[in-house]
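Enquirer: need coordinates for the below:
(one chain, ligands or ions: 1)
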Amino acid sequence: MATDPAAELEALSAAGLLRVLRPLDSPAGPQVMRDGRALHNFASNDYLGLAGHPRLAESFIEGVKRYGAGSAASRLVAGTLAPHAALEEDLAAAKNAEASLVFSSGFATAIGCLPAIVGSGDTVILDKLCHASLIDAAKLSGATLRVFPHNDVPKLRKLLATVRAKDASGRILVVTESVFSMDGDLCPLLEIVEAVEEAEALLWLDEAHAFGVIGPSGMGLAAQYGLQERVTFQMGTFSKAAGLSGGYVAASRSWIDLLVNRARAFIYSTAPPPSLAHATRESLALIRSSDGETLRERLRANIRVLSPAAGSAIIPFVLGSNEATLEAASRLEAEGFMVPAIRYPTVPRGTARLRVSISAAHDQEVVAALKNLLPGS
Ligand SMILES: *Cc1c(COP(=O)(O)O)cnc(C)c1O
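Expert: Purely as a prediction, here's the structure:
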């Protein structure tokens, strides 16, 4: 690799893999302004349109007025304020778990927790398409890393049997996602839970794209299948459907107590602003209310307009090459639609794609107009 960063950037650019920041000139929402142009935004993960919801903005402001701007310390030192504790109680109840713990982001949740759960002498078994945060967290843990082909439960069972046969006592952590972030498909959760239980392994389920969207009162795929008590760690984020930011994990009381003692991204990081925790409680309440249900119905209707067979709000159009995908994205942008071109290393080489994310906040006519411009229509 070149020592000069400029040469490295050149190489990225030549391969169609250069990324640049492009600030919006408006708030996030179904319609945004960029470079002076109005664009319909199909690039955000704001599935319920809550990022711009007045109730959350008001609650954020109320939180600042009540609790101040910052938390001033890490959680274990002096940074746990009433809203942090209340949010963790609300969330545990909503997730049917004994306890929960919140982090600054979903990424920090993974990086903090996996190395606290497994280490040298243990094994992590990941689905091939797991999110970067889970891969990095697994590497950081020092445990032996194994990968099973995407959603391939027979292969997972085989791996579990092999690992168990070699070492009867080490922890085995199986890691997968409810809704895969770049493909939008779901994991076969019941089969995975059964395989994990048979091997006496632990299960980490990342519900990032399911939280708020799937299951009774939006509480995710484990809730949908009534499997919450059989998923060891229900992880998710407040950065997508919940419209804010932050991550969480819900688990048994003793696992959460252990994470409080061992998760370095939790221990050595300043607590998120109390106002954010306050607003997140409001978001959780909204998601679980009949208003939340109405938003989920609107989201499902919008998804049906674009793709009747889709299982989630993430709809990929795989074009293969980086160049073709970048070109398709700029054609859409010229027509007034913002749809991201997703490339390696976010997805495997040769599978570059347009990734459409649908929101309840989109107008159905706009979704229909986008459909007419997408490949295959
Ligand atoms: C977005 C995402 C995360 C990270 O969550 P943040 O709160 O954005 O840091 C983790 N896992 C998956 C599957 C994601 O899509």
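Enquirer: going forward, measure contacts between C-alpha atoms and count neighbours the same way
Expert: OK.
Enquirer: grab the nearest non-local neighbour of whichever residue of the chain sits closest to the ligand.
Expert: Nearest to the ligand in the chain, going by CA to the nearest ligand atom, is residue 106, at a distance of 3.4 Å. Excluding the flanking residues, the one nearest residue 106 by CA to CA, 6 or more residues apart in numbering is residue 247, at 4.0 Å.
Enquirer: now do the contacts for that neighbour.
Expert: 102-109, 235-239 (CA atoms under 8 Å, 6 or more residues apart in numbering).
Enquirer: if we can go back for a sec, for the residue of the chain closest to the ligand, phi and psi?
Expert: phi -60, psi -40 (degrees, to the nearest 10).
Enquirer: residue 360 now?
Expert: According to degrees, to the nearest 10, residue 360 has phi -60, psi -20.
Enquirer: wait, doesn't it sit right on residue 294?
Expert: No. Contact between residue 360 and residue 294 fails when scored by CA atoms under 8 Å: they sit 9.1 Å apart.
Enquirer: who's more crowded, the two?
Expert: residue 360 (24 against 14; other CA atoms under 10 Å).
Enquirer: quick check: the gap between residue 294 and residue 166.
Expert: 51 Å (CA to CA, to the nearest Å).
Enquirer: shaky segments in the stretch 151-300 of the chain?
Expert: Scanning the stretch 151-300 of the chain for pLDDT under 70 picks out no residues.
Enquirer: the chain against the ligand: which residues are in contact?
Expert: 105-107, 131, 133, 181, 206, 208, 237, 239, 245-247 (CA under 6 Å from any ligand atom).
Enquirer: mind listing the helices for the stretch 201-350 of the chain?
Expert: With DSSP state H, counting those that start in this stretch, the ranges of helices along the stretch 201-350 of the chain come out as 221-224, 253-262, 264-267, 274-288, 290-306, 322-334.
Enquirer: so which of those comes closest to residue 124?
Expert: helix 253-262 (17.0 Å; CA to CA).
Enquirer: list the buried ones in the closest one?
Expert: Within helix 253-262, the residues that qualify as buried are 255, 256, 259, 260, 262, counting by 16 or more other CA atoms under 10 Å.
Enquirer: now stretch 109-122
Expert: So, applying 16+ other CA under 10 Å, buried residues of stretch 109-122: 109, 110, 111, 112, 113, 114, 115, 116, 117, 118, 119, 122.
Enquirer: which outside residues touch the host helix or strand of the third one?
Expert: What that stands for is residue 111. Residue 111 is part of helix 106-117 when elements are defined by DSSP states H and E. For helix 106-117, contacts defined as CA under 8 Å, 6+ apart pick out 102-103, 133-134, 136-138, 140-142, 208, 235-239, 246-249, 258-259, 262-266.
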